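> Provide a 3D model corresponding to the input given below.
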Amino acid sequence: MKAASKGILYCLLSGLFAAGYLIPYKAGANAVSSEGLVLPMLLCAALFNTAVGLGRSGFRSLGFDRHSLWVAAALGVLSLVGNEAGAESLARIDPGIASVILRTQVIFVAVGGWLLMGERTNLRFWVGVLIAGGGYVFMQSNAFLSSGMAFAGMWWALLAASCFAGMQVLTRYTIDRIDIIQVNTLRLWLAVLILA
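Purely as a prediction, here's the structure:
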């Protein structure tokens, strides 16, 4: 399988699992505080990533250079803020709407890739963004006009999308200089410690 095809497959699987987790996450957001929801989720992710890292290489080279520590710290903060914002949005709006807004991270990734790495997108991408954005605004016009809670939930979801996009752009920017499993594990533990 070609690298591009494999990347597309991984993206589709990622989107499927991300959409699937929003439903129980919404139930949790209605039952507990955002911190009470985010901390166990990040802790489980940190434990699972630690297990993957240990299974992969036994973390033979645990020495992090300054660059890896900086990247892990930035990813940890973005992860924490993004998950907190996601929980806040789900406490206010339907998980389907939240999922659609979270997909706007593709726009933030395109802009971040252009600003940080000089990547260009073509006109078709921006036409698609305008069509999708216009359709979303049209479908949700009642929420924009009637409910302050829903409006706030949409802004929380946009903040989450921008944080998750920032994580993707930063990872792409530094991918050749870091051990991704180690940095990902460290950023999760940092997010857990900050939140705890």
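> Could you use CA atoms for every contact and neighbour count after this?
Will do.
> I'd like to know which elements the lengthiest helix in the chain is packed against.
Identified as the longest helix of the chain according to DSSP state H is helix 3-31. Where contact means 3 or more CA pairs under 8 Å, 6 or more residues apart in numbering; DSSP states H and E, helix 3-31 is packed against helix 34-57, helix 66-90, helix 95-102.
> for the record, mean pLDDT for the shortest one?
It stands for helix 95-102. Helix 95-102 shows a mean pLDDT of 82.
> which element follows that helix toward the C-terminus?
Remark: after helix 95-102, the chain's next helix or strand is helix 105-117, criterion DSSP states H and E.
> Dump that following helix to PDB, keeping only the CA atoms.
Extracted as PDB, the C-alpha positions of helix 105-117 are listed here (Å, rounded to 0.1, in the frame of the first residue of the first chain):
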ATOM      1  CA  GLN A 105      -9.600  21.800  12.500                       C
ATOM      2  CA  VAL A 106      -8.800  21.000   8.900                       C
ATOM      3  CA  ILE A 107      -9.000  24.800   8.200                       C
ATOM      4  CA  PHE A 108      -6.800  25.600  11.100                       C
ATOM      5  CA  VAL A 109      -4.300  23.000  10.000                       C
ATOM      6  CA  ALA A 110      -4.200  24.500   6.400                       C
ATOM      7  CA  VAL A 111      -3.600  28.000   7.800                       C
ATOM      8  CA  GLY A 112      -1.000  26.800  10.300                       C
ATOM      9  CA  GLY A 113       0.800  24.800   7.700                       C
ATOM     10  CA  TRP A 114       0.900  27.800   5.400                       C
ATOM     11  CA  LEU A 115       2.200  30.100   8.200                       C
ATOM     12  CA  LEU A 116       4.700  27.700   9.700                       C
ATOM     13  CA  MET A 117       5.900  25.600   6.800                       C
END
